[in-house]
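Chemist: show me how the following folds:
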Amino acid sequence: MFATAEDVRARFEGVIPDSRNDWLAAKIEDAESLLTSLVPSMATTADAGRLARAKAMVADAVLRVYRNPSGVTQETASVYSVSRSKAADSGVLYFPADELEALRGSARRTRIGTIPVAPWRVDVYGR
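Modeler: Okay, here's the model as predicted:
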């Protein structure tokens, strides 16, 4: 829908072997599904700019997982030690919030017609 294996390969600084084609196709499909669940309007958009941005976002999400599938953040060679992260590059597909906002095109909207109201309170002194 948005990206192909060749789009992902074009953004990678090395060579992704052909033996990883099935993995790439599955991850691209997963990333596209995640993206359309987070930004439902992408499922029907025809805007070339948004589609190009979505292609880049899907490719970047797949490459984050390809580069670091197990989420290692630190590794020591002499005494074996590995640290893993649940955050960025943890082997899980994700899209950064700022990229999603840019894709949604949502700007801060002014609130028209809202009136702040204080909650009602029972008089505790009761007279």
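Chemist: drop to CA atoms for contacts and neighbour counts, all remaining ones
Modeler: Noted.
Chemist: so in the protein, where's the weakest helix or strand by average pLDDT?
Modeler: Least confident helix or strand of the chain, by mean pLDDT, DSSP states H and E, is strand 81-84 with a mean of 64.
Chemist: mind checking what helix or strand follows that one in sequence?
Modeler: Note on strand 81-84: by DSSP states H and E, the next helix or strand toward the C-terminus is helix 97-104.
Chemist: what about stretch 92-99, how long is it end to end?
Modeler: With C-alpha to C-alpha, to the nearest Å as the measure, stretch 92-99 spans 17 Å from end to end.
Chemist: show me what the helix of greatest length in the chain is packed against.
Modeler: If you go by DSSP state H, the chain has its longest helix at helix 48-67. In terms of contacts (3 or more C-alpha pairs under 8 Å, 6 or more residues apart in numbering; DSSP states H and E), helix 48-67 is packed against helix 5-11, helix 21-38, helix 97-104.
Chemist: which one, of those helices, ends up nearest to residue 70?
Modeler: helix 21-38 (14.7 Å; C-alpha to C-alpha).
Chemist: next, the angle helix 97-104 makes with that closest one.
Modeler: Helix 21-38 and helix 97-104 are oriented at 70 degrees to each other (axes from the mean of the first three to the mean of the last three C-alpha atoms, to 10 degrees).
Chemist: quick one: buried residues of helix 21-38?
Modeler: 24, 27-29, 31-35 (16 or more other C-alpha atoms under 10 Å).
Chemist: on that earlier part again, any idea which of the helices and strands packed on helix 48-67 has the lowest pLDDT on average?
Modeler: Note on these: helix 97-104 shows the lowest mean pLDDT, a mean of 88.
Chemist: distance between the ends of stretch 68-79?
Modeler: With C-alpha to C-alpha, one end of stretch 68-79 sits 21 Å from the other.
Chemist: which residues of this protein score low on pLDDT?
Modeler: The model of the chain has pLDDT under 70 over residues 71-77, 81-90, 106-127.
Chemist: any idea how far residue 91 lies from residue 46?
Modeler: Distance of residue 91 to residue 46, given as C-alpha to C-alpha: 31 Å.
Chemist: who has more neighbours out of these two?
Modeler: In this view residue 91 and residue 46 are compared by other C-alpha atoms under 10 Å, and residue 91 has more residues nearby, 22 against 9.
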